[in-house]
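K.L.:
Below is the structure, and that's it, no one-letter string:
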């Protein structure tokens with residue numbers, strides 16, 4: 001009864017399994033369940049001991065007490081304790097569900113005795129500050145649920161397992177961790193020539209583009225390509241016309257957890273947000289697609305090709321773009337680079353050096369060796385990285 005999987009038991013109860021219902025009802029008050037089982041168990045064992053002692057003394061005299069004790073202990077251990085309880089622990093449902101049909105009426109039959117025993121027992125436990133409660137709900141923390149998903153194995157397809165883990169991690173990841181940084185944001189600058197804007201619009205692969213005046217910190221709205229198509233059909237594509245069809249920009253604090261932002265996108269009927277820091281400066285953009293990709297993985301092969309920042313080399317090292325996110329590198333290579341500080345490889349190296357290197361350098365951080373390959377515009381463009389194998393120490397050393 002105690003070895004039953006409580007979550008599977010609840011599932012069987014919802015499916016109206018009669019044995020599961022009775023077992024679940026008994027487990028609501030484990031003190032009563034244990035009381036009725038142990039009353040019966042001890043009654044039988046003591047009765048068997050008394051009968052064996054009487055029979056043995058009549059056959060062997062006083063020596064029969066020792067003989068009966070030895071033989072009965074061996075019989076009870078093997079046939080009444082170890083063997084059946086091991087079997088029940090291995091196959092709890094096969095034993096517990098049929099047993100519940102016997103234990104339920106037995107509990108009603110000897111309930112007065114169970115009530116007296118439980119009353120004395122609970123009173124004794126209260127002397128040590130232990131209070132019995134009828135609330136026997138079992139709740140899992142996020143970490144425990146993550147462990148449960150990881151250990152599901154073949155019972156849960158890998159794709160479903162990854163999605164569940166992605167959902168569990170949403171509240172631990174912020175918008176700042178997945179946003180497209182401002183230097184990579186593709187947007188429409190209204191100070192550009194109209195021909196340049198038209199060329200940009202004709203080649204973009206995005207559905208929505210931020211619109212700004214000269215600098216991305218001066219965002220005026222978001223343009224949807226559907227509205228642009230209407231302007232082209234009406235042959236009135238001008239800058240003032242673009243300003244008339246854009247939507248108001250939706251600003252998002254960079255520290256917002258992804259779970260919260262997903263709900264905000266849903267509540268605001270938005271799909272793109274402009275990420276700002278505590279001073280109101282634009283740091284990048286985040287889209288609904290970016291958050292969904294944290295759950296289900298890349299949504300298109302095109303995105304996979306465009307975001308290929310990691311290139312494996314024959315010697316076991318990796319060429320990694322400096323703008324690659326540390327979380328993505330950890331996921332792809334099963335590494336454990338620190339994520340509590342900078343978000344990109346470039347930021348990690350510059351923070352470690354406490355400066356922007358003038359020439360290529362090689363550093364070691366924890367178990368990782370990082371060698372810069374290209375530096376320009378105050379940015380580390382590419383890095384060669386490898387995980388170093390540390391020699392294992394002899395436990396006797």
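P.N.:
Received, thanks. Worth saying up front: this structure is predicted, and the values here are computed from it rather than measured.
K.L.:
contacts, neighbours, all on C-alpha from now
P.N.:
Will do.
K.L.:
Quick one: low-confidence residue ranges for the chain.
P.N.:
Residue ranges of the chain with pLDDT under 70: 132-138, 153-154, 298-307, 390-397.
K.L.:
okay, now the domains of it?
P.N.:
6-126, 142-172, 175-298, 308-387 (automatic domain parsing).
K.L.:
got JSON lines for those domains, with mean neighbour count too?
P.N.:
Converted to JSON lines, the domains of the chain look like this (neighbours: other Cα atoms under 10 Å):
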{"stretch": "domain 6-126", "mean neighbour count": "15"}
{"stretch": "domain 142-172", "mean neighbour count": "14"}
{"stretch": "domain 175-298", "mean neighbour count": "16"}
{"stretch": "domain 308-387", "mean neighbour count": "16"}
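K.L.:
in the protein, which spans are strands?
P.N.:
For the chain, the strands defined by DSSP state E cover 180-181, 188-189, 208-213, 215-224, 251-253, 272-276, 282-287, 310-312, 318-321, 362-365, 368-376, 379-387.
K.L.:
which one of those lies closest to residue 334?
P.N.:
strand 379-387 (10.5 Å; Cα to Cα).
K.L.:
who does that closest one touch, helix- and strand-wise?
P.N.:
strand 318-321, helix 345-353, strand 368-376 (3 or more Cα pairs under 8 Å, 6 or more residues apart in numbering; DSSP states H and E).
K.L.:
I'd like these laid out as TSV, including distance to residue 252.
P.N.:
Below are the helices and strands packed on strand 379-387 laid out as TSV (distance: least, Cα to Cα, whole Å):
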stretch	distance to residue 252
strand 318-321	27
helix 345-353	22
strand 368-376	30
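K.L.:
So for residue 115, which of those sits nearest?
P.N.:
When the helices and strands packed on strand 379-387 are compared by Cα to Cα, strand 368-376 sits nearest residue 115, at 63.8 Å.
K.L.:
what does the closest one contact?
P.N.:
357-364, 380-388 (Cα atoms under 8 Å, 6 or more residues apart in numbering).
K.L.:
please redo it, this time with the cut-off set to 7 Å
P.N.:
360-364, 380-388 (Cα atoms under 7 Å, 6 or more residues apart in numbering).
K.L.:
now do stretch 43-59
P.N.:
64, 65, 68, 72.
K.L.:
How about stretch 332-350?
P.N.:
177, 322, 323, 324, 325, 326, 327, 330, 356, 379, 380.
K.L.:
just stretch 101-109 next, same as before
P.N.:
residue 36.
K.L.:
Run the chain-centre distance for that stretch.
P.N.:
42 Å (Cα atoms, centre = their mean, to the nearest Å).
K.L.:
Mind checking the helices and strands packed on strand 379-387 for the one nearest to residue 255?
P.N.:
helix 345-353 (17.5 Å).
K.L.:
How far does that closest one sit from its chain's centre?
P.N.:
Using Cα atoms, centre = their mean, the offset of helix 345-353 from its chain centre is 28 Å.
K.L.:
Equivalent analysis for stretch 246-258, please.
P.N.:
25 Å.
K.L.:
List of residues touching it?
P.N.:
170-176, 220-223, 273-277, 291.
K.L.:
how about 6 Å then?
P.N.:
170-171, 173-176, 221-223, 273-277 (Cα atoms under 6 Å, 6 or more residues apart in numbering).
K.L.:
likewise stretch 160-175?
P.N.:
Counting by Cα under 6 Å, 6+ apart, 254, 255, 256, 257, 258, 259, 294, 295, 296 sit against stretch 160-175.
K.L.:
what's the closest non-adjacent residue to the fourth one?
P.N.:
The one in question is residue 257. Spatial nearest neighbour of residue 257, chain neighbours left out: residue 174 (4.1 Å); criterion: Cα to Cα, 6 or more residues apart in numbering.
K.L.:
for the last one, same thing?
P.N.:
Using Cα to Cα, 6+ apart and skipping the chain neighbours, the partner closest in space to residue 296 is residue 163 (5.2 Å).
K.L.:
Against residue 330, how distant is the one you found?
P.N.:
17 Å (Cα to Cα, to the nearest Å).
K.L.:
check contacts around residue 41.
P.N.:
With Cα under 6 Å, 6+ apart, residue 41 has no contacts at all.
K.L.:
How much space separates it from residue 112?
P.N.:
Going from residue 41 to residue 112 by Cα to Cα gives 17 Å.
K.L.:
what about stretch 322-339, start to end distance?
P.N.:
15 Å.
K.L.:
follow-up on the earlier one: turn the contacts of stretch 246-258 into TSV, including distance to residue 149.
P.N.:
Supplementary listing: the contacts of stretch 246-258 in TSV, determined by distance: Cα to Cα, whole Å:
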residue	distance to residue 149
170	15
171	17
173	19
174	22
175	25
176	27
221	42
222	39
223	41
273	32
274	34
275	32
276	35
277	35
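K.L.:
Which members of the residues you listed are the farthest-apart pair?
P.N.:
171 and 223 (29.6 Å).
K.L.:
out of the contacts of strand 368-376, who's nearest residue 234?
P.N.:
Nearest to residue 234 among these is residue 381, at 43.7 Å by Cα to Cα.
K.L.:
Distance check, the closest one against residue 374.
P.N.:
5 Å.
K.L.:
Now the two most distant members of the contacts of stretch 332-350.
P.N.:
Taking Cα to Cα as the measure, the contacts of stretch 332-350 span a maximum distance of 23.4 Å, between 330 and 356.
K.L.:
mind pulling up the phi and psi values for residue 277?
P.N.:
phi -90, psi -170 (degrees, to the nearest 10).
K.L.:
Quick one: residues contacting it.
P.N.:
residue 254.
K.L.:
again, but for residue 360
P.N.:
So residue 360 contacts residue 372 (Cα under 6 Å, 6+ apart).
K.L.:
phi, psi of it?
P.N.:
phi -60, psi 140.
K.L.:
From residue 370, how far off is it?
P.N.:
With Cα to Cα as the criterion, residue 360 and residue 370 are 10 Å apart.
K.L.:
One more: residue 224?
P.N.:
Residue 224 is 41 Å from residue 370, by Cα to Cα.
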